[in-house]
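Visitor: 3D, please:
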Amino acid sequence: MQFLAHLPLGPTVISVFFCQNDPGMCDDWDATSGANRAFAFSGELSPATVPTEGETLLGAVTTLRPHPADSPASTPVVGRLGGEPDWIQGDETPACPDCATRMTFTAELEEGSDFTTSANFGGGGRGYVFHCRPCNEAAFLWQR
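Guide: The predicted model follows:
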């Protein structure tokens, strides 16, 4: 799975991953298919050590703007934190896998402007991240 986003939300961090193995062949638009995954971490976290051997790449760095936007970003903005989802096809808010409660919208992700580093949301699509705070569960899906 490809790492897509790291979202620090106070005491919680949500990491978002999605399938890029033969794009279009896995159901990575579905929050429950297993072709994408969002993990919520809480507690003391520390960055991973950069490997001493091999090649480490960081193809692009982008930011999300808070909702409502409070200041311009110095790097390209490819989404937003908070607010309400701007659905392309209609509301697909997932239910928490633990408590079955409707999850809270957390972030909206756009594909990006550089095709070599952008997420593949089917061409013009948008990704949606959700979180259930009581259960510390997260989910991700996208629409086009």
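
Visitor: model confidence over stretch 4-16, on average?
Guide: Model confidence over stretch 4-16 averages 88 on the pLDDT scale.

Visitor: any idea how far it is from the middle of the chain?
Guide: Taking C-alpha atoms, centre = their mean, to the nearest Å, one finds stretch 4-16 lying 8 Å from the centre of the chain it belongs to.

Visitor: how long is it end to end?
Guide: 5 Å (C-alpha to C-alpha, to the nearest Å).

Visitor: same deal with stretch 9-28?
Guide: According to C-alpha to C-alpha, stretch 9-28 extends 24 Å from its N-terminal end residue to its C-terminal end residue.

Visitor: cool, stretch 121-140 as well?
Guide: Taking C-alpha to C-alpha, the first and last residues of stretch 121-140 lie 12 Å apart.

Visitor: buried sites along it?
Guide: Residues of stretch 121-140 classed as buried by neighbour count (16 or more other C-beta atoms under 10 Å): 121-122, 125-133, 136-140. All C-beta spots, glycine's among them, are computed from the backbone N, C-alpha and C.

Visitor: what about it, distance to the chain center?
Guide: Average the C-alpha atoms of stretch 121-140, do the same for its chain, and the two points are 6 Å apart (C-alpha atoms, centre = their mean).

Visitor: so how far is residue 38 from the residue nearest the centre of the chain?
Guide: Centroid-nearest residue in the chain, with C-alpha atoms, centre = their mean: residue 16, separated by 4.3 Å. Noted for residue 16: a distance of 5 Å to residue 38, by C-beta to C-beta, to the nearest Å.

Visitor: please enumerate the shared neighbours of those two.
Guide: Common contacts of residue 16 and residue 38 (C-beta atoms under 8 Å, 6 or more residues apart in numbering): 129, 138, 140.

Visitor: looking at these, which is nearest residue 30?
Guide: Minimum distance to residue 30 across the shared contacts of residue 16 and residue 38 is 9.9 Å, recorded for residue 140 (C-beta to C-beta).

Visitor: just give me how far the helix or strand containing the closest one sits from the chain centre.
Guide: With secondary structure defined by DSSP states H and E, residue 140 is part of strand 137-143. Taking C-alpha atoms, centre = their mean, one finds strand 137-143 lying 7 Å from the centre of the chain it belongs to.
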